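In: Got a sequence here, can you model it:
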Amino acid sequence: MARGGRFLTGDATSLQSQGAGWSVQTSGGRVQAEQAVLALGPWADALIRTLGYRFPLFVKRGYHQHYRSPAQLRQPLLDAERGYVLAPMQRGLRLTTGAEFAPIDAPPTPVQLLKAEALAGELLDLGEPLSEPPWLGARPCTADMLPVMGPAPRHKGLWFNFGHAHQGFTLGPVAGRLLAEMVHGESSRVDARPYLPQRFM
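Out: The predicted structure follows:
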């Protein structure tokens with residue numbers, strides 16, 4: 001990459017303290033660095049527990065299904081009272097559900113999607129669903145609905161960046177910048193104190 005970075009696929013569970021830094025096993029061998037960022041979304045809780053941290057983290061799950069509907073919408077439609085969104089896509093309409101509270105490894109349950117489909121069908125002809133199965137996503141949340149960003153309180157050189165709930169893609173760039181400023185000891189553009197891991201300790 002232009003600034004010397006590399007993309008490697010690794011196993012986060014192989015993270016371990018090594019010398020003055022951290023190392024992780026990757027497809028290119030074990031990689032070591034002075035600083036490491038743990039950014040595993042809904043899978044963060046399992047790993048931080050092995051390090052002795054217990055944060056009030058939980059998972060909210062949501063479903064998406066695409067339908068072969070002719071173009072009937074030009075912009076997304078939110079039914080806040082009934083808890084679903086319809087969005088026009090290249091292949092038809094995408095229906096999204098509200099939140100389901102369940103363990104990250106729980107099997108899918110079609111209840112919300114079936115109810116949302118019936119409600120949305122009162123407004124528009126959704127058409128047939130596409131052949132691929134509904135998408136299921138797990139959203140990492142904290143008890144105060146703020147992300148956990150900052151230095152691991154008991155592990156030098158380890159940084160946390162997870163718990164962004166439904167806003168991971170939206171907050172990704174600014175969260176990355178804030179964390180980079182903290183890692184480099186720079187003055188941050190926003191106050192990082194509300195997001196520090198210490199608030200749960």
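In: if you skip the residues just before and after it, what's nearest to Leu77?
Out: Residue nearest to Leu77 in three dimensions, not counting chain neighbours: Leu86, with 4.6 Å by CB to CB, 6 or more residues apart in numbering. In short, each C-beta sits where N, CA and C put it, glycine included.
In: Please confirm that that neighbour is located within a helix.
Out: No. Going by DSSP: H, G, I helix; E, B strand; the rest coil, the assignment for Leu86 is strand, not a helix.
In: The top helix by length along the chain packs against which elements?
Out: Longest helix of the chain, by residue count under DSSP state H: helix 168-183. In terms of contacts (3 or more CB pairs under 8 Å, 6 or more residues apart in numbering; DSSP states H and E), helix 168-183 is packed against strand 148-151, strand 158-162.
In: one step back: what is the residue nearest to Leu77 paired to in the beta sheet?
Out: Leu77, Leu95 (DSSP bridges).
In: and it, what is it in contact with?
Out: Going by CB atoms under 8 Å, 6 or more residues apart in numbering, Leu86 touches 73, 76-77, 79, 93-95, 120, 123-124.
In: Would you mind measuring from it to Gln112?
Out: 15 Å (CB to CB, to the nearest Å).
In: Just the terminal-to-terminal distance for stretch 154-164.
Out: With CA to CA, to the nearest Å as the measure, stretch 154-164 spans 22 Å from end to end.
In: Distance check, Pro140 against Gly98.
Out: 17 Å.
In: Phi and psi next, for Phe200.
Out: phi -100, psi 10 (degrees, to the nearest 10).
In: ugh, wrong one, Pro110
Out: Here Pro110 shows phi and psi, under degrees, to the nearest 10, equal to phi -80, psi 0.
In: If I look at it, what pLDDT would I see?
Out: Note for Pro110: predicted pLDDT of 84.
In: what's the spacing between it and Leu78?
Out: From Pro110 to Leu78 the distance is 22 Å (CB to CB).
In: Let's verify the closest residue in space to Arg82 that isn't next to it in sequence: helix, strand, or coil?
Out: Leaving aside its sequence neighbours, Arg82 sits nearest to Leu119 (CB to CB, 6+ apart; 4.9 Å). With three-state DSSP as the basis, Leu119 sits in helix.
In: Distance check, Leu119 against Ala175.
Out: Leu119 is 34 Å from Ala175, by CB to CB.
In: neighbour count winner among the two?
Out: Neighbours were counted for Leu119 and for Ala175 using other CB atoms under 10 Å; Ala175 has more, 19 against 15.
In: did I read that right, Asp11 in a helix?
Out: No. Asp11: not assigned to a helix; according to three-state DSSP it is strand.
In: Pull up the per-residue confidence for the nearest residue to it once chain neighbours are set aside.
Out: Nearest non-adjacent residue to Asp11, counting by CB to CB, 6+ apart: Gln25, 5.3 Å away. Looking at Gln25, its pLDDT stands at 95.
In: All set now, cheers.
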